[in-house]
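Novice: Predicted model and sequence below, questions to follow.
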Amino acid sequence: MIKVKARGNESVDQMLRRFKKMCEKEGLTKDIKRNAYYEKPSERKRRRARKSVKRVGFDR
């Protein structure tokens with residue numbers, strides 16, 4: 001669980017910005033976007049294969 005405590009004269013906007021950065025670091029935003037809609041197993045497999053190809057650096 002991510003917690004953000006106020007620092008001195010910090011505004012709510014600054015605290016919210018820090019919270020969003022922490023969420024991004026933890027991968028929460030990516031996880032939420034991924035779970036926002038159903039992805040068929042075949043589409044998931046295809047996406048992971050494309051990601052691994054990018055990582056290795058080979059093109060088809």
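Specialist: Yep, it's here.
Novice: now the end-to-end length of stretch 4-21.
Specialist: 11 Å (Cα to Cα, to the nearest Å).
Novice: Go ahead and name everything in contact with it.
Specialist: 2, 22, 29 (Cβ atoms under 8 Å, 6 or more residues apart in numbering). Quick note: C-beta positions are derived from backbone N, CA and C, even for glycine.
Novice: hmm, 7 Å instead?
Specialist: Contacting residues not belonging to stretch 4-21 are listed as residue 2 [Cβ atoms under 7 Å, 6 or more residues apart in numbering].
Novice: Only the buried residues of that stretch, if you could.
Specialist: residue 18 (16 or more other Cβ atoms under 10 Å).
Novice: Figure out how far it is from the centre of its chain.
Specialist: Its chain's C-alpha centre and that of stretch 4-21 lie 20 Å apart, by Cα atoms, centre = their mean, to the nearest Å.
Novice: Now for residue 55: which residues touch it?
Specialist: Contacts of residue 55 by Cβ under 7 Å, 6+ apart: none found.
Novice: I'd like the mean pLDDT over stretch 17-34, please.
Specialist: Average pLDDT, stretch 17-34: 90.
Novice: Just the terminal-to-terminal distance for it.
Specialist: Counting by Cα to Cα: the opening and closing residues of stretch 17-34 are 22 Å apart.
Novice: again, but for stretch 25-41
Specialist: End-to-end distance (Cα to Cα), stretch 25-41: 27 Å.
Novice: just stretch 5-15 next, same as before
Specialist: 8 Å.
Novice: Residue 36 versus the most centrally placed residue in the chain, what's the distance?
Specialist: Taking Cα atoms, centre = their mean as the criterion, residue 30 is the residue nearest the geometric centre of the chain, at 2.4 Å. Going from residue 30 to residue 36 by Cβ to Cβ, to the nearest Å gives 11 Å.
Novice: cool, and residue 18?
Specialist: In terms of Cβ to Cβ, residue 18 sits 24 Å off from residue 36.
Novice: Ok, residue 43 next?
Specialist: As defined by Cβ to Cβ, residue 43 lies at a distance of 14 Å from residue 36.
Novice: and if you look at residue 20?
Specialist: 17 Å.
Novice: Equivalent analysis for residue 11, please.
Specialist: 30 Å.
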